[in-house]
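1. Fold the following, please.
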Amino acid sequence: MGASLCRDEKILKRAEYLRLSASGKKLHTHHFIILWSENDKERARLGITASRKLGNAVARNHVKRRVREYFRLCKDQFVAADFNFIAKKGADTLTFQEVCRELQKAMLCIRNLKCSNGCS
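-> Residues are numbered from 1 along each chain as shown. Modelled structure (predicted):
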């Protein structure tokens with residue numbers, strides 16, 4: 001397997017993003033809003049939203065590459081769910097290590113929320 005995400009690990013359709021926005025759970029961090037909803041698949045799927053409010057195309061792509069790399073390296077921290085990471089202003093100034101720290105804390109919270117709702 002290469003360094004990129006396979007098709008099964010990505011949220012590709014607009015309808016899936018809209019479903020997450022409408023019925024997904026939400027977690028705010030300092031630089032991201034994380035929407036997630038359990039899926040019927042055996043793996044986590046990733047979607048990233050970076051609007052023009054964040055900055056130019058270079059800044060938006062910068063954030064998306066770092067989130068994608070975090071997801072690729074830390075798939076074991078993710079529960080089987082669809083995730084949409086929405087970048088807030090200032091996310092483009094973070095280093096990769098800062099992104100990792102912030103998202104690791106968020107994933108820990110999500111795992112704890114899932115476990116407190118009935119997992120073993």
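
2. Residue 49: what's it in contact with?
-> 17, 84-87 (C-beta atoms under 8 Å, 6 or more residues apart in numbering). C-beta: built from backbone N, CA, C; applies to glycine.

3. need the helices for this protein, in chain order.
-> 14-23, 57-73, 96-116 (DSSP state H).

4. what residues does the second one touch?
-> This points to helix 57-73. 3-5, 9, 32, 44, 46, 48, 50-52, 54, 78, 83, 85, 87, 91-92, 94, 96, 99-100, 103.

5. Determine how far it lies from the middle of the whole chain.
-> 10 Å (C-alpha atoms, centre = their mean, to the nearest Å).

6. Same check on stretch 77-85?
-> Counting by C-alpha atoms, centre = their mean, stretch 77-85 comes out at 6 Å from the chain centroid.

7. List of residues touching that stretch?
-> Applying C-beta under 8 Å, 6+ apart, the contact partners of stretch 77-85 are 11, 16-17, 20-21, 24, 32-39, 41-49, 67, 71, 103-104, 107-108, 110-111, 114.

8. Give me the residue at the spatial middle of this structure.
-> With distances taken as C-alpha atoms, centre = their mean, residue 85 lies nearest the centre of the chain, 3.7 Å away.
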